[in-house]
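> any chance you can model this:
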Amino acid sequence: MSHHDHPRCGWANIHLDKPFYIDYHDTEWGVPVHDDRLFFEMLILEGAQAGLSWLTVLARRDTYRAAFDNFDVHKVAAYDEARQEALMADPGIIRNKLKIAATIKNAQTFIAIQNEFGSFDAYIWNFVDGKPVINHWKTMGDCPVSTDLSDRISKDLKRRGMKFVGTTIIYAFLQATGLVMDHTTDCYRYPQLAK
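Just a heads-up that it's a prediction; the model follows:
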């Protein structure tokens, strides 16, 4: 079956020539995550996206994994000045001093959350009582860029010391990790994930 045979969310159709982008929509986006390493990866990638397109970040995902020790939160939390300088010189990632510094700070905060709640998974799913929020949007235009839920989580993460976790970034993070299921009703993934 070719990539073009399935009806998909509008945003996925913009880049039908990019198999990695379609694959992300088809296999990852909106699928409930329970793995702390993947949660940390998505939190950092969504934050890296600030002011840029998701395509820009997703195209660099492998180089991000290489640059940030496959998002091993304990390794990232321990990065020093020299490591930050090396990251600033890495053309495979978005070289933004604030975003790189935030990644390290966010790793430290992520560990503090794990220590408090047992896992980041337990912390984040608690906001939705352990069940994904299933939405029924006809078009991507109906879909909000933030909600009361993303406002609450954003506020809590900021209070704990995280950066680049504004409500819009957090809403995208919730969509990506399946806490919110926002595939449009005409998308072939909708009935599979709306169950």
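
> mind listing what's buried along the helix ranked longest in the chain?
Ranked by residue count, the top helix of the chain under DSSP state H comes out as helix 97-117. Using 16 or more other Cβ atoms under 10 Å as the test for burial, helix 97-117 gives 99-100, 102-104, 106-111, 113-114. (Each C-beta comes from the backbone N, C-alpha and C, glycine too.)

> just give me the closest of these to Val133.
Ile113 (20.6 Å; Cβ to Cβ).

> which residue sits closest to the closest one in space, ignoring its chain neighbours?
Tyr123 (5.0 Å; Cβ to Cβ, 6 or more residues apart in numbering).

> now name the helix or strand holding that neighbour.
helix 120-125 (DSSP states H and E).

> each with direction, which strands does the helix or strand just after that helix pair with?
For helix 120-125, the following helix or strand on the C-terminal side (DSSP H and E) is strand 133-134. Strand pairing for strand 133-134, using DSSP bridges, gives strand 180-181 (parallel).

> got the buried residues of helix 97-117 as CSV, with distance to Tyr21 columns?
CSV is the format used below for the buried residues of helix 97-117 (distance: Cβ to Cβ, whole Å):
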residue, distance to Tyr21
Lys99, 22
Ile100, 25
Ala102, 25
Thr103, 23
Ile104, 28
Asn106, 25
Ala107, 27
Gln108, 32
Thr109, 30
Phe110, 27
Ile111, 31
Ile113, 30
Gln114, 31
